[in-house]
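K.L.:
Here is my input, please return the structure:
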Amino acid sequence: MTDARTDATTPDAGDAPTAARGRGPVVAALMLGMALAALDGTVIATAVPQIVTELGGLSVFSWLFSGYLLAVTVTLPVYGKLSDTYGRKPVLITGVILFLIGSLLCAVAWNMPSLIAFRVVQGLGGGALQGTVQTLAADLYPLKERPRIQARLSTVWASSSIAGPALGGLLAGYADWRWIFLVNLPVGAVALWLIARHLVEPTRTRTAVRVDWLGALSVFATGALLLTALVQGGVAWPWLSAPSLALFAAAGALAVLTVIVERRAAEPIIPGWVWRRRTIAAVNLSLGALGLLMVAPTVFIPTYAQTVLGLGPIAAGFVLSAMTLSWPISAAFSNRVYNRIGFRLTAVTGMALAMLILLAFPLLPYPGQPWQPALIMFLLGAALGLVQLPLIVGVQSTVPWSERGTTTASVLFCRQVGQSLGAALFGALANAVLTARVPSGDLNDPSTLTPAAVDAAVDHVHLGAAAAAALALLTLLTLAPRRFPVLPAPD
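P.N.:
Numbering: from 1, shown residues only. As a prediction, the model looks like this:
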């Protein structure tokens with residue numbers, strides 16, 4: 001499809017895992033898997049009050065989200081390497097099974113610590129779902145057709161993210177919060193059956209494989225410590241406190257150890273070529289910055305809409321949903337742009353527009369009308385649709401089958417780390433602005449948070465997001481090649 005090279009891990013008959021006429025059931029399975037991952041990221045949000053009422057653990061409930069995030073993020077590069085080694089099918093099946101086991105365990109959790117632990121099990125499966133679904137989409141379709149499947153996956157992700165809070169609130173309010181996890185079981189079972197029955201990967205000839213389990217463990221430990229420090233810093237303890245500094249120091253030491261381990265490994269989990277190749281390094285850094293800037297709208301716009309504009313939770317969700325509506329539409333048409341001007345220039349155009357749109361947010365009138373931030377979100381989604389999909393499709397098209405899983409996982413890993421870093425940095429920025437504008441300086445009392453203070457904090461956060469967009473733009477202009485070195489399609 002997109003690579004002409006043949007090596008010890010490349011399928012003998014090309015890199016297509018399933019014949020074109022048999023792709024439908026596999027695509028359906030991928031969409032179901034994407035829906036599971038997207039729903040699980042948002043469906044629990046509106047059920048937190050009911051969960052805390054039954055299980056307790058108000059002081060640690062945030063780990064219901066961050067525990068899942070930790071597991072997904074740090075396992076992405078591991079699953080990417082494993083899919084290049086053993087194939088996509090066994091990795092995806094393993095991920096779905098882990099996700100369903102985690103869902104079932106979450107449904108029978110007896111206290112908050114057990115629910116958090118089982119959410120981590122879900123995340124271990126979610127990491128395989130995210131990375132392998134994106135990689136299989138590239139395997140299934142040649143470059144010219146790839147935007148079609150990627151647009152479908154983007155639409156599923158956006159629709160599921162929007163429906164998640166509503167579904168969670170409906171189940172928690174009219175049934176029981178445990179059904180939030182139980183509904184995953186039939187959906188996941190169908191996806192598992194479709195994958196097992198219809199996904200056929202060409203036979204690959206390969207000599208004995210040495211899996212870098214030590215490298216996988218060191219990557220997991222480093223990522224876990226770093227993301228724990230970022231998620232809990234400024235929340236569970238001050239940034240400059242002993243726990244925070246100890247976690248950052250330990251993460252730094254483990255990062256050095258990981259580099260040493262990976263350099264000595266025969267087949268490292270994160271190979272050095274991921275950063276030595278200009279195209280992959282540029283995409284990694286750019287999508288890391290994209291993940292960082294995405295925190296501004298997704299985390300702070302709902303609070304802005306409720307506190308500054310006086311909207312209810314559902315209406316506030318619709319303000320943000322304007323972005324998730326325009327993003328997949330823009331992504332679906334992005335192939336017409338990058339086929340004319342190239343991947344790099346398409347992403348540069350989208351990121352430049354995103355930077356200008358983010359800079360426009362602080363110029364909105366105070367308090368303003370709901371359609372004004374909704375319009376900003378709609379335009380932002382349209383701009384970012386020209387960034388993420390072209391970069392992912394482009395970088396996948398520069399590597400052979402045997403490197404595609406690792407490459408895709410490195411890109412998604414950097415985006416996830418960017419999101420975690422953005423949550424920490426922008427959370428600290430917002431708290432600093434709010435503290436300076438709240439008379440008592442106490443943010444624990446919600447009644448002290450005036451609309452003007454929240455408006456100022458969200459304005460500063462969007463300026464920070466614009467700076468992240470500028471960083472991504474600079475990376476693309478200086479590091480990414482003018483033309484991505486796309487591999488020719490096989491005859």
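K.L.:
now the helix ranked longest in the chain, how far from the chain's geometric center?
P.N.:
Longest helix in the chain, counting residues (DSSP state H): helix 401-437. The chain centroid and the centroid of helix 401-437 are separated by 9 Å, computed with CA atoms, centre = their mean, to the nearest Å.
K.L.:
who's in contact with the closest residue to residue 198 other than its chain neighbours?
P.N.:
Using CB to CB, 6 or more residues apart in numbering and skipping residues adjacent in sequence, the residue nearest residue 198 is residue 25, 4.0 Å away. Every residue, glycine included, has its C-beta placed from N, CA and C. By CB atoms under 8 Å, 6 or more residues apart in numbering, residue 25 lies in contact with 194, 197, 198.
K.L.:
neighbours of the first one, just the number please.
P.N.:
In this case it means residue 194. As a burial measure, residue 194 scores 19 neighbours (other CB atoms under 10 Å).
K.L.:
The second one now?
P.N.:
Burial measure for residue 197: 11 neighbouring residues, criterion other CB under 10 Å.
K.L.:
What is the longest helix of the chain packed up against?
P.N.:
Counting by 3 or more CB pairs under 8 Å, 6 or more residues apart in numbering; DSSP states H and E, the packing neighbours recorded for helix 401-437 are helix 63-86, helix 112-140, helix 213-232, helix 273-276, helix 278-307, helix 388-396, helix 451-478.
K.L.:
Go through these and pick out the most buried.
P.N.:
With neighbours taken as mean count of other CB atoms under 10 Å, those reach their highest mean count in helix 388-396, at a mean of 26.
K.L.:
so what does that helix touch, helix or strand wise?
P.N.:
helix 112-140, helix 146-174, helix 278-307, helix 313-341, helix 343-360, helix 401-437.
K.L.:
how far away is residue 405 from residue 275?
P.N.:
As judged by CB to CB, to the nearest Å, residue 405 and residue 275 stand 17 Å apart.
K.L.:
hang on, the earlier thing: could you dump the helices and strands packed on helix 401-437 to JSON lines with distance to residue 315 and mean pLDDT?
P.N.:
Below are these laid out as JSON lines (distance: least, CB to CB, whole Å; pLDDT from 0 to 100):
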{"stretch": "helix 63-86", "distance to residue 315": "23", "mean pLDDT": "80"}
{"stretch": "helix 112-140", "distance to residue 315": "29", "mean pLDDT": "87"}
{"stretch": "helix 213-232", "distance to residue 315": "29", "mean pLDDT": "80"}
{"stretch": "helix 273-276", "distance to residue 315": "43", "mean pLDDT": "88"}
{"stretch": "helix 278-307", "distance to residue 315": "7", "mean pLDDT": "88"}
{"stretch": "helix 388-396", "distance to residue 315": "27", "mean pLDDT": "89"}
{"stretch": "helix 451-478", "distance to residue 315": "16", "mean pLDDT": "94"}
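K.L.:
Could you export the ones you listed as TSV, including distance to residue 30?
P.N.:
Output for those, formatted as TSV (distance: least, CB to CB, whole Å):
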stretch	distance to residue 30
helix 63-86	14
helix 112-140	5
helix 213-232	25
helix 273-276	24
helix 278-307	20
helix 388-396	15
helix 451-478	27
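K.L.:
Which of the ones you listed sits closest to residue 98?
P.N.:
Relative to residue 98, the nearest member of the helices and strands packed on helix 401-437 by CB to CB is helix 112-140, separated by 3.3 Å.
K.L.:
Distance from the closest one to the middle of the chain?
P.N.:
Remark: helix 112-140 is offset 11 Å from the chain centroid, using CA atoms, centre = their mean.
K.L.:
what angle separates that helix from helix 388-396?
P.N.:
Relative orientation of helix 112-140 versus helix 388-396 (axes from the mean of the first three to the mean of the last three CA atoms, to 10 degrees): 60 degrees.
K.L.:
Which other helices and strands does helix 112-140 contact?
P.N.:
Other helices and strands packing on helix 112-140, by 3+ CB pairs under 8 Å, 6+ apart, are helix 23-42, helix 48-55, helix 63-86, helix 88-107, helix 146-174, helix 388-396, helix 401-437.
K.L.:
re the thing from before, just the buried positions in the longest helix of the chain, please.
P.N.:
By 16 or more other CB atoms under 10 Å, the buried positions in helix 401-437 come out as 401-427, 429-430, 433-434, 437.
K.L.:
What of stretch 251-268?
P.N.:
Buried residues in stretch 251-268, counting neighbours by 16+ other CB under 10 Å, are found at 251, 254, 255, 258, 261, 262, 265, 268.
K.L.:
Can I get that stretch in PDB, CA atoms only?
P.N.:
Taking C-alpha atoms only, stretch 251-268 is exported to PDB below (Å, rounded to 0.1, in the frame of the first residue of the first chain):
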ATOM      1  CA  ALA A 251      11.100  10.200  37.200                       C
ATOM      2  CA  GLY A 252      14.300  12.000  35.900                       C
ATOM      3  CA  ALA A 253      16.500   9.200  37.200                       C
ATOM      4  CA  LEU A 254      14.300   6.500  35.700                       C
ATOM      5  CA  ALA A 255      14.300   8.400  32.400                       C
ATOM      6  CA  VAL A 256      18.100   8.200  32.300                       C
ATOM      7  CA  LEU A 257      18.000   4.500  33.200                       C
ATOM      8  CA  THR A 258      15.400   3.900  30.400                       C
ATOM      9  CA  VAL A 259      17.700   5.500  27.900                       C
ATOM     10  CA  ILE A 260      20.600   3.300  29.000                       C
ATOM     11  CA  VAL A 261      18.400   0.200  28.900                       C
ATOM     12  CA  GLU A 262      16.900   1.000  25.500                       C
ATOM     13  CA  ARG A 263      20.400   1.700  23.900                       C
ATOM     14  CA  ARG A 264      21.500  -1.800  25.000                       C
ATOM     15  CA  ALA A 265      18.300  -3.600  24.000                       C
ATOM     16  CA  ALA A 266      18.400  -5.700  20.800                       C
ATOM     17  CA  GLU A 267      14.900  -4.600  19.900                       C
ATOM     18  CA  PRO A 268      14.000  -1.600  22.100                       C
END
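K.L.:
Okay then, goodbye and thanks.
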